[in-house]
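[1] Next come a sequence and a model predicted from it.
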Amino acid sequence: MQPPAPADRPAADRGAWLTRNLIVLTLISFTQDAASELLYPLLPILLTGVLAAPPVVLGLVEGVADATAGVSRYVAGRWSDRRGRKRFIATGYGLAALGKVVVAAATVWPMVLVGRVVDRLGKGVRSAPRDALIAQSVPREALGRAFGFHRMGDSLGAVIGPLLGLWALAALDGDVHAALWWAVVPATMSALLVAFVREPRRPALEAMVAAPDQPAPESPAGPLPRPFWTVTSVLVAIALVNFSDTLLLLRLLDLGYSTTEVVLAYVLFNSIYTLGSYPAGALTDRWPRPVVYAVGLLAFAVGYMGLGLTHGGATTYVLVGVYGLFPAFTDGVGKAWIASLVPHQHLGRAQGTYQALNNGAVLAAGLWAGLSWNVGAGDGAVPLVVAGAVAGAAAIVMIVLATTGSGSAASGVERRRRGPRAPALR
């Protein structure tokens, strides 16, 4: 495997991929994720501590919230192909701010469920249109770098958010409810920044050139290509063992770590995620995407199995750090992979379909993990080890298929699609 020659990617090498929309959308995601991740590590404490809910409720709340996001992702993604992206992005970030208000005000766990559903509904409404606009705004040969840059900014917010949460807890004498109100401020800022997003004019959008092997633009209602369904089916099947990270935080609490130690572990996780996102995205512009994705799955396997077997100590922090490589090598990489398989007029629907199915799988994973949390050794050991083993096996199969050529349908299509395309929107 050799990286493409410099002549194959002149636009990307000149930095043309760092467009206005990419920068603004990354800043929006940064502020929103700072709000979300201030709230996120406090959820297990709020639900199982302050509100005395059982662990299965934690899995249920996050699973239902993610499933809601998944359904709305499909609908918003499909509609954004016809009606434009910006209105969905603005609505989504507004709903996210409202959901955080409801969670902060919750006095019983069903209120947390409602707040998280509204928050994740906003995420679903905005995510596919935003990712489609990112893909539409950069050269096709730089999709990995663009999504890696965006995920880097998003996860940097996830580093700052938990630190703000610790500051809030310290300033408010450990009052979790009061600390959650701090998340409303950056969430509102994020919604306001959408005003600076540039929506492409509809005639320009319709004139966009499709992928080289589809020279004429197709109707947004046309069928998605078979390679898209092949890749989506594989990634969604793997997501059936990727349960909510709130359960990982609960595992740390079960091992005896304090609230501050759990939040710092989460900061470490997001720091590794931030540092790895752009390099992983750049790598996937040069090497087969299944191989890069499989590296993330191997990190998942080590992190999950290790956290399932450990009894505490410094090793736990090492495992959390390794696990941070999983989203770094799969989140932006997966979105770039999906975007590379469809023409521009299908970007919203493709991202929405992939993300909706993926969220449904996460719901199923959260439910089975929550229900089996106290099986065997208890405290989540069994679901963590099982999920890690499955992910490790999937990574090995993916690498073998990609390197032997058997995975050409999944890994080679995007390379055949690269080539001349319409100028990027700036």
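    Sure thing, it's come through.
[2] what helix or strand is A389 on?
    helix 381-404 (DSSP states H and E).
[3] send the alpha carbons of that helix over as PDB?
    The C-alpha coordinates for helix 381-404 follow below in PDB (Å, rounded to 0.1, in the frame of the first residue of the first chain):
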ATOM      1  CA  ALA A 381     -17.100  -6.900  34.300                       C
ATOM      2  CA  VAL A 382     -18.900  -9.400  32.100                       C
ATOM      3  CA  PRO A 383     -20.400  -7.000  29.500                       C
ATOM      4  CA  LEU A 384     -17.100  -5.200  29.300                       C
ATOM      5  CA  VAL A 385     -15.100  -8.300  28.600                       C
ATOM      6  CA  VAL A 386     -17.600  -9.700  26.200                       C
ATOM      7  CA  ALA A 387     -17.900  -6.500  24.200                       C
ATOM      8  CA  GLY A 388     -14.100  -6.100  24.100                       C
ATOM      9  CA  ALA A 389     -13.600  -9.600  22.800                       C
ATOM     10  CA  VAL A 390     -16.200  -9.200  20.000                       C
ATOM     11  CA  ALA A 391     -14.600  -5.900  18.900                       C
ATOM     12  CA  GLY A 392     -11.100  -7.400  18.900                       C
ATOM     13  CA  ALA A 393     -12.300 -10.300  16.700                       C
ATOM     14  CA  ALA A 394     -14.000  -7.800  14.300                       C
ATOM     15  CA  ALA A 395     -10.800  -5.700  14.100                       C
ATOM     16  CA  ILE A 396      -8.800  -8.800  13.100                       C
ATOM     17  CA  VAL A 397     -11.300  -9.800  10.400                       C
ATOM     18  CA  MET A 398     -11.500  -6.300   9.000                       C
ATOM     19  CA  ILE A 399      -7.700  -6.000   8.700                       C
ATOM     20  CA  VAL A 400      -7.400  -9.400   7.100                       C
ATOM     21  CA  LEU A 401     -10.100  -8.700   4.500                       C
ATOM     22  CA  ALA A 402      -8.700  -5.200   3.700                       C
ATOM     23  CA  THR A 403      -5.000  -6.400   3.400                       C
ATOM     24  CA  THR A 404      -5.800  -9.500   1.300                       C
END
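[4] what's in contact with that helix?
    234, 237-238, 241-243, 247-248, 251, 288, 290-291, 293-295, 297-298, 300-309, 365, 368-369, 372-373, 375-376, 406-407, 410-411 (CB atoms under 8 Å, 6 or more residues apart in numbering). From N, CA and C alone the C-beta is placed, and that goes for glycine too.
[5] Mind checking which of those residues are buried?
    If you count burial by 16 or more other CB atoms under 10 Å, the buried members of the contacts of helix 381-404 come out as 234, 238, 241-243, 247-248, 251, 288, 290-291, 293-295, 297-298, 300-308, 365, 368-369, 372-373, 407, 410-411.
[6] Which members of these occur in helices, if any?
    Applying DSSP state H to the buried ones among the contacts of helix 381-404, the entries found in helices are 234, 238, 247-248, 251, 290-291, 293-295, 297-298, 300-308, 365, 368-369, 410-411.
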